[in-house]
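> I would like to see how this sequence folds:
(one chain, ligands or ions: 1)
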Amino acid sequence: MSSIMGKTKKMSSIMGKTLHVDLTKGKITEGKGIEEKLWKQYIGGRGLGEKLIWDHIGKPPYSTPDEARKFALTPENRYVIMTGPLTGTPVPTSGRFAVAFISPLSGTTSACIAGSRFGMLTKRAGYDAIIIDGKAENPCYLYITDETQEIHDASDLWGKITYETNDILLEKHGKRACVACIGPAGEMCAPIANIAHNKDSFAGRTGAGAVWGSKNLKAVVVNGKQKIGIAKPEEFKEVNRKVAALIKEKPTTGEYLHTRGTIVLMHVENMHGTLGVKNFSETGNLSYEDCNKISGETFWNNHLFDRAPCYGCPIGCHRQLYINGKFLPQAEYELTWGFGTNVGNLDPYIVTKAGELCGRYGIDGISAGNILGYAMESTVKGAHDFGITWGDKEGILRVVEEMGKGVGVGAELQMGVKRCAEKYPETADYAMHVKGNELPAYDPRTMAGVDLGYATSPRGADHMKSYMVGCNTLGTQITPKELLERTILNKDKITFTIGMQHESVFYDSAVLCLFLALTPVGVEDTASLLSTATGMDMSTSELITSEERIFNGERLWNTASGFTADDDSIPKRFTTEQTPYGGSKGTLSRLKKAKKMFYEERGWGKDGVPEPWLTKYLDLDEMRKTLGV
Ligand code: SF4
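As a prediction, the model looks like this:
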């Protein structure tokens, strides 16, 4: 496969340089910028980050998902920190960046999106991407500014939690810097380990932290000061003003998320009967009064201390609480499910504290909450005794901490539910995952398209890779009325699911917040933002084709990694047991039918592999040939 590094070209909001770190050789070199053609074809963030991985590895040196998971923790796995074409500009929600790697949890190609000032300061140091290869001999961290690119010893940081590591490095390098770091879970390569940025924003899902641990990389500190340009300032300002106004005007982003945060969803999803309860065994079995104990309104009224948005975001869904005499970050909706309804707990402090412990030790909160539900149901139903049952408040905090430290029952549970169920086969029915990635909060039986989204997501169960919740229960601006019927499964629903997958590709690659998908901001607006910021002429049709290219590139990669149509599945519970209670009582996933329609609509064969005409159209033939698919 040819190199994607082209002539260095400064395109206003694109810096035109990359930074290559070889940890094995202990060497850092500046690389050329990425070709303009590839920015257009892969947009940035998720798309370009993964492309930099695929081109580096070429044909995967493995042929099964299990081998892929093992490969993910070898020095040959590459880790890419990739900014987007709008990172560091004034575009609302652009204070984000992507990371890409082969996942040690799922074995798939994976890209995570995180907030904080990390992406902006990376770009202001002059780099569109930081590419990390190899493995250091001893624990180390990277220090990157406009003038300095250094590998430092981190032996004295090894073993420390993320909060302490963050504070020590800021003390050393100045408070303006931003720190990304792993905690003890990452150091021991736990497949659910994440990377913390500035204590409150995480590259969370599918084990990014374990990849750093396997490389002996404890942290990356960035602090750039360069100006990020805009190619056509006047036109850019105009469209940017329009986007900001649309965000404000839509109640979901202008009011609900702004005031309550993502946990505004607690009552909404509970009312629809889509909020998982007790590892999805009792979905719908939650009264309004009980739900209210951990609702957005309750946290807003009783515990809100301050907002803590991603850099420059007017929506500002993140916040700080004052609860039980402590200042703690508010748990997101997914964690309020995970440490709340999923485990039979309605104590707002326990929910919040469990989320904070995940951040401290560096583990993914969605996986951790899901794993607790698995452990509790397995114990209660007599399949295997993990020593914890529904609603055990002290047990929730204890087991989260044990997963973070890799001790006690946490030493097994930090491997994820798939591997635990392989070890204890009698617990398999309670392991809620797709391709090894633990399910998030939404019960996939209750919304057609959510099941399909989980099953066909490029990195396993993931609500953010196809936000069909937006269509089914929130009603995005562009949702046709008839599709608001949650259980309807027709060609339009399939087309809409594909559209949402592509929308996720776009926002992850541009890198903007997916919540813009809940506003009337359209593809013309986003194409215009990209064109006016970078100076590249980006038409809407090129953008739409790029989204499809990236999604199908991910599919080709996973096919070459040994994933088949059989892996596009969801746990048995959702296709065999009807939803027992509440607003969605009696629903059952019809995934088999949906998958057939989806493959046809996508241009994939019955085996789930993109047809040759499609890869030709998407300019993916060279990749396909290299992969031997
Ligand atoms: S809406 Fe929330 S997650 Fe999205 S950019 Fe703003 S603060 Fe960050």
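
> The ligand contacts on the protein?
With CB under 6 Å from any ligand atom as the criterion, the chain comes near the ligand at residues 93, 115, 309-310, 313, 315-318, 513, 515. Every C-beta, even on glycine, is put in place using the N, C-alpha and C of the backbone.

> distance of residue 288 from residue 565?
41 Å (CB to CB, to the nearest Å).

> Of the two, give the one with the bigger neighbour count.
Remark: of residue 288 and residue 565, residue 565 carries more neighbours, 17 against 10, as counted by other CB atoms under 10 Å.

> show me what contacts that one?
Contact partners of residue 565, counting by CB atoms under 8 Å, 6 or more residues apart in numbering, are 595, 599, 606-608.

> Just put the residues you listed in a markdown table and tack on neighbour count, secondary structure and pLDDT.
Shown next, in a markdown table, are the contacts of residue 565 (neighbours: other CB atoms under 10 Å; DSSP: H, G, I helix; E, B strand; the rest coil; pLDDT from 0 to 100):
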| residue | neighbour count | secondary structure | pLDDT |
| --- | --- | --- | --- |
| 595 | 21 | helix | 97 |
| 599 | 21 | helix | 98 |
| 606 | 10 | coil | 97 |
| 607 | 10 | coil | 97 |
| 608 | 20 | coil | 98 |
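
> ranking the residues of the chain next to the ligand by neighbours, who comes first?
residue 93 (30 neighbours).

> nearest spatial neighbour of it, skipping sequence neighbours?
With CB to CB, 6 or more residues apart in numbering as the criterion, residue 93 has its nearest non-adjacent residue at 3.6 Å, and that residue is residue 513.

> So what does the one you found look like in phi/psi?
Dihedral angles phi and psi of residue 513 (degrees, to the nearest 10) take the values phi -80, psi 140.

> So which residue is dead centre in the chain?
The C-alpha lying nearest the average C-alpha coordinate of the chain belongs to residue 112 (CA atoms, centre = their mean; 4.1 Å).

> Return the list of helices and strands in contact with the helix or strand containing residue 558.
Assigned by DSSP states H and E, residue 558 belongs to helix 540-560. Other helices and strands packing on helix 540-560, by 3 or more CB pairs under 8 Å, 6 or more residues apart in numbering; DSSP states H and E, are helix 36-42, helix 45-57, strand 109-114, helix 491-510, helix 523-534, helix 612-617, helix 621-627.

> Which strands and helices lie in contact with the second one?
When you say that, I think you mean helix 45-57. Helices and strands in packing contact with helix 45-57 are listed as helix 36-42, strand 79-82, strand 97-102, strand 109-114, strand 129-133, helix 491-510, helix 540-560; criterion 3+ CB pairs under 8 Å, 6+ apart.

> and those as CSV, adding mean pLDDT?
What follows is these, written out as CSV (pLDDT from 0 to 100):
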stretch, mean pLDDT
helix 36-42, 96
strand 79-82, 98
strand 97-102, 97
strand 109-114, 96
strand 129-133, 98
helix 491-510, 94
helix 540-560, 97
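
> now for those, which one comes closest to residue 454?
With respect to residue 454, and counting by CB to CB, the nearest of the helices and strands packed on helix 45-57 is helix 491-510 at 10.8 Å.

> Just the angle for the closest one relative to helix 523-534, thanks.
With axes from the mean of the first three to the mean of the last three CA atoms, to 10 degrees as the basis, helix 491-510 and helix 523-534 are set at 10 degrees to each other.

> mind listing what's buried in helix 491-510?
493-494, 496-510 (16 or more other CB atoms under 10 Å).

> ditto for stretch 562-576
Quick answer for stretch 562-576 (16+ other CB under 10 Å): 562-563, 565, 567-571, 573-575.

> Now the two most distant members of the residues you listed.
Maximum distance among those (CB to CB): 25.4 Å, for 562 and 573.

> Below-threshold pLDDT in the protein: ranges please.
Within the chain, the stretches falling below the threshold (pLDDT under 70) are 1-11, 475-484.

> In contact with the nearest residue to residue 42 once chain neighbours are set aside, which residues?
Counting by CB to CB, 6+ apart, residue 48 is the residue found nearest to residue 42 once chain neighbours are left out, at 4.4 Å. Contacts for residue 48 (CB under 8 Å, 6+ apart) come out as 34, 38-39, 42, 82, 129, 509.

> Out of these, grab the one that's most surrounded.
Neighbours here are counted as other CB under 10 Å. On that basis the top member of those is residue 82, with 32 neighbours.

> Tell me which residues touch the residue lying closest to that one once chain neighbours are set aside, please.
When the adjacent residues along the chain are set aside, residue 82 lies closest to residue 49, with 3.5 Å between them (CB to CB, 6+ apart). With contacts defined as CB under 8 Å, 6+ apart, residue 49 is in contact with 80-82, 98-100, 111, 129.

> Strands along the stretch 51-200 of the chain, start to end?
If you assign secondary structure with DSSP state E, counting those that start in this stretch, the strands in the stretch 51-200 of the chain sit at 79-82, 97-102, 109-114, 129-133, 140-145, 149-153, 178-181, 195-197.

> so what does the last one touch, helix or strand wise?
Think strand 195-197. If you count contacts as 3+ CB pairs under 8 Å, 6+ apart, strand 195-197 packs onto strand 178-181, strand 201-203, helix 208-214.

> what's the answer for the fourth one, then?
Packed against strand 129-133, as judged by 3+ CB pairs under 8 Å, 6+ apart, are the following elements: strand 17-22, helix 45-57, strand 79-82, strand 140-145.

> what residues does it touch?
Outside of strand 129-133, the residues within contact range by CB under 8 Å, 6+ apart are 18-24, 31, 34, 48-49, 52, 56, 75, 78-83, 122, 142, 144, 215, 217, 220.

> Which members of these are classed as buried?
For the contacts of strand 129-133, a burial check counting by 16+ other CB under 10 Å picks out 18-23, 31, 34, 48-49, 52, 56, 78-83, 122, 142, 144, 215, 217, 220.

> pull the CA atoms of stretch 421-435 into CSV?
Taking Å, rounded to 0.1, in the frame of the first residue of the first chain, the C-alpha atoms of stretch 421-435 are listed here in CSV:
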residue,chain,number,x,y,z
ALA,A,421,-18.1,-15.9,30.0
GLU,A,422,-15.5,-18.0,28.1
LYS,A,423,-14.0,-18.9,31.4
TYR,A,424,-17.4,-19.6,33.1
PRO,A,425,-19.6,-20.9,30.2
GLU,A,426,-22.6,-21.2,32.5
THR,A,427,-22.7,-17.3,32.6
ALA,A,428,-22.8,-16.8,28.8
ASP,A,429,-26.5,-15.9,28.8
TYR,A,430,-25.7,-12.9,31.0
ALA,A,431,-22.8,-11.5,29.0
MET,A,432,-24.2,-8.5,27.2
HIS,A,433,-21.7,-7.7,24.4
VAL,A,434,-21.2,-7.6,20.7
LYS,A,435,-17.8,-8.6,19.3
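
> so residue 41 makes contact with residue 546?
Yes: proximity of residue 41 to residue 546 meets the contact threshold set by CB atoms under 8 Å, at 5.7 Å.

> can you count the residues close to the residue lying closest to residue 278 once chain neighbours are set aside?
Take residue 278 and drop its neighbours on the chain: the residue closest to it by CB to CB, 6+ apart is residue 344, 5.6 Å away. Residue 344 sits with 20 neighbouring residues when counted by other CB under 10 Å.

> Alright, calling it a day.
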